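In: Test case, fold it:
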Amino acid sequence: MENMKNKLKYRKLERIVKGFANHRRLQILELLYKEPELSVQEVAEKLKSEFKNISAHITKMAIAGLVMKRSEGNIVRHKLTKRGKSILKFVRIIE
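Out: Numbers count the residues shown, from 1 in each chain. As a prediction, the model looks like this:
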């Protein structure tokens with residue numbers, strides 16, 4: 001039973017780490033820290049990347065609990081969660 005709990009704990013940590021283990025996702029973290037409430041289209045334009053790629057990255061980041069989504073009419077806005085801000089601090093420490 002204890003082994004199962006540990007396994008789940010490590011899988012959760014793995015999901016979080018995978019949520020930011022990519023250079024583009026790190027750029028998105030930085031951008032959303034500086035400019036919260038951006039849409040996927042706005043993030044894609046600012047980072048000069050394709051909408052589809054940014055959308056996939058943000059989805060993975062949301063699954064990891066780093067980004068939260070908020071609907072505003074037809075537009076979905078994104079901002080960092082508390083965890084996302086903590087990860088950004090961590091990344092800045094190790095750079």
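In: which residues in this protein form helices?
Out: Applying DSSP state H to the chain gives helices spanning 2-18, 23-34, 40-47, 51-63, 82-94.
In: what's the average pLDDT for the shortest one?
Out: Read that as helix 40-47. On average, the pLDDT along helix 40-47 is 97.
In: got it, and the second one?
Out: The pLDDT scores in helix 23-34 average 97.
In: what inclination does it have with respect to helix 2-18?
Out: For helix 23-34 against helix 2-18, the angle between stretch directions is 80 degrees (axes from the mean of the first three to the mean of the last three CA atoms, to 10 degrees).
In: Which strands and helices lie in contact with helix 23-34?
Out: Counting contacts by 3 or more CB pairs under 8 Å, 6 or more residues apart in numbering; DSSP states H and E, helix 23-34 is packed against helix 40-47, helix 51-63, strand 75-80, helix 82-94. Where you see a C-beta, it was placed from the backbone N, CA and C, and this is true even at glycine.
In: In the shortest one, which residues are buried?
Out: Across strand 75-80, burial judged by 16 or more other CB atoms under 10 Å covers Arg77, His78, Lys79, Leu80.
In: ok so, going back, save the helices and strands packed on helix 23-34 as JSON lines, and put in distance to Tyr10 too.
Out: Listed next are the helices and strands packed on helix 23-34 as JSON lines, based on distance: least, CB to CB, whole Å:
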{"stretch": "helix 40-47", "distance to Tyr10": "30"}
{"stretch": "helix 51-63", "distance to Tyr10": "17"}
{"stretch": "strand 75-80", "distance to Tyr10": "24"}
{"stretch": "helix 82-94", "distance to Tyr10": "17"}
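In: if we can go back for a sec, now render the helices of the chain as CSV, adding mean neighbour count and distance to Arg70.
Out: Shown next, in CSV, are those (neighbours: other CB atoms under 10 Å; distance: least, CB to CB, whole Å):
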stretch, mean neighbour count, distance to Arg70
helix 2-18, 11, 21
helix 23-34, 17, 12
helix 40-47, 17, 13
helix 51-63, 17, 11
helix 82-94, 13, 14
